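K.L.:
Okay, sequence plus prediction incoming.
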Amino acid sequence: MSTRARILEVAAELVAKSPDGDISTRAVCEAAQVGAPALYRYFGDKEGLLSAVVDHGFDAYLATKRERSHTADPVQDLRDGWDSHVEFALRNPNLYRLMNSPAMRTPPSAALEAHRILTRDLERAAAQGKLLISPELAAQMIMSANVGVALMLVARPATFNDSTMSRRVRDAVHAAVFVPEARAGKPVDAGEAQVPSVATRLSALLRRSPDAGLSRAEAALMTEWLDRVSNAPRGRIEGDDGSARPG
């Protein structure tokens, strides 16, 4: 094992065992049996070391995401993805808090990859007519809720002690994102779907079909219009002047 890998492994172990999730560079050096100059040479400073620990944690988290195979039902895949996210947080509470700490000023590239994986699953759902809103907005809603639930479970276990809470929040968020037939596991009849769902599906299909007979500018404009329809508040559509029209 290289010196860098040994330092990183020791730092991750100390983070996991720490009562508050914090570590000192002196403790890391002593446990790894290296001098401080070696640590600073590889990681720059404590923040650089913790950033590397976060990257290491996200790689472990993403390993299950990268290896899993998709089913024919992207909505079920998204349910399973929510649950596995929470399970990872509960198994690695200190690491998970560090992974989502505001002190980490630069989001690790792996965090962006996790968001892309979520968005791709939502794009599959959109192409099947199962989304009420655009995949991008749905990804923001789901990710923020999933992280929030997981953080509360690991940071305040005495308060958030209901074993069904995560599932209830998951289902509530999914109710705002998916058409009712998709949430019930039934085939979606696009002819009966609401306008936002149809717009979301068409937008997803256009992104998958670059040769749809539109110029690049026309495709971009069409996608913008469809996303505006997809993400409009339920029950109203805004006119060009900002006035509300019945949806």
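P.N.:
Done, it's in.
K.L.:
all helices for the chain, in order.
P.N.:
3-17, 25-32, 36-43, 46-67, 74-91, 93-99, 109-127, 135-155, 165-177, 180-183, 195-208, 216-231 (DSSP state H).
K.L.:
Against which helices or strands is the fourth one packed?
P.N.:
When you say that, I think you mean helix 46-67. For helix 46-67, the elements it packs on are helix 3-17, helix 25-32, helix 36-43, helix 74-91, helix 93-99, helix 109-127, judged by 3 or more C-beta pairs under 8 Å, 6 or more residues apart in numbering; DSSP states H and E. Every C-beta, even on glycine, is put in place using the N, C-alpha and C of the backbone.
K.L.:
run the last query once more with 6 Å
P.N.:
When contacts are defined as 3 or more C-beta pairs under 6 Å, 6 or more residues apart in numbering; DSSP states H and E, helix 46-67 sits against helix 3-17, helix 93-99, helix 109-127.
K.L.:
any low-confidence regions in the chain?
P.N.:
Along the chain, segments meeting pLDDT under 70 span 68, 104-107, 182-194, 210-212, 233-247.
K.L.:
so how far is residue 28 from the residue of it positioned farthest from its centre?
P.N.:
The centre of the chain is farthest from one residue, residue 35, which by C-alpha atoms, centre = their mean lies 37.7 Å away. Separation of residue 35 from residue 28 (C-beta to C-beta, to the nearest Å): 11 Å.
K.L.:
do residue 140 as well
P.N.:
For residue 140 relative to residue 28 (C-beta to C-beta), the value is 35 Å.
K.L.:
How about residue 15?
P.N.:
Residue 15 is 10 Å from residue 28, by C-beta to C-beta.
K.L.:
Residue 74 too?
P.N.:
42 Å.
K.L.:
and if you look at residue 181?
P.N.:
53 Å.
K.L.:
Which of these two has more residues huddled nearby?
P.N.:
residue 28 (24 against 17; other C-beta atoms under 10 Å).
K.L.:
which residues does the nearest residue to that one once chain neighbours are set aside contact?
P.N.:
Nearest residue to residue 28, sequence neighbours excluded (C-beta to C-beta, 6 or more residues apart in numbering): residue 11, at 5.0 Å. Shown in contact with residue 11 (C-beta atoms under 6 Å, 6 or more residues apart in numbering): 28, 49, 53.
K.L.:
for those residues, which one is nearest residue 41?
P.N.:
Using C-beta to C-beta, residue 49 is the member of the contacts of residue 11 that lies nearest residue 41, at 11.5 Å.
K.L.:
What spatial separation is found between the residue nearest to the closest one when sequence neighbours are not counted and residue 230?
P.N.:
Leaving aside its chain neighbours, residue 49 sits nearest to residue 43 (4.2 Å; criterion: C-beta to C-beta, 6+ apart). Between residue 43 and residue 230 the distance is 43 Å, computed by C-beta to C-beta.
K.L.:
Of those two, give the one with the bigger neighbour count.
P.N.:
The neighbour count for residue 43 versus residue 230, taken as other C-beta under 10 Å, is higher for residue 230 (26 against 21).
K.L.:
hang on, that one packs against residue 136?
P.N.:
No - between residue 230 and residue 136 there is no contact under C-beta atoms under 6 Å: 9.5 Å.
K.L.:
Only C-alpha atoms, please: export stretch 121-134 in PDB.
P.N.:
This file holds the C-alpha atoms of stretch 121-134, laid out as PDB (Å, rounded to 0.1, in the frame of the first residue of the first chain):
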ATOM      1  CA  ASP A 121     -33.100   7.300 -14.100                       C
ATOM      2  CA  LEU A 122     -35.600  10.100 -14.100                       C
ATOM      3  CA  GLU A 123     -35.000  10.600 -17.900                       C
ATOM      4  CA  ARG A 124     -36.000   7.000 -18.400                       C
ATOM      5  CA  ALA A 125     -39.100   7.600 -16.400                       C
ATOM      6  CA  ALA A 126     -39.900  10.700 -18.400                       C
ATOM      7  CA  ALA A 127     -39.500   8.800 -21.700                       C
ATOM      8  CA  GLN A 128     -42.100   6.300 -20.400                       C
ATOM      9  CA  GLY A 129     -44.600   9.100 -19.600                       C
ATOM     10  CA  LYS A 130     -44.200   8.600 -15.900                       C
ATOM     11  CA  LEU A 131     -43.000  12.100 -14.800                       C
ATOM     12  CA  LEU A 132     -45.100  15.100 -14.000                       C
ATOM     13  CA  ILE A 133     -42.200  17.500 -14.100                       C
ATOM     14  CA  SER A 134     -38.800  17.800 -15.900                       C
END
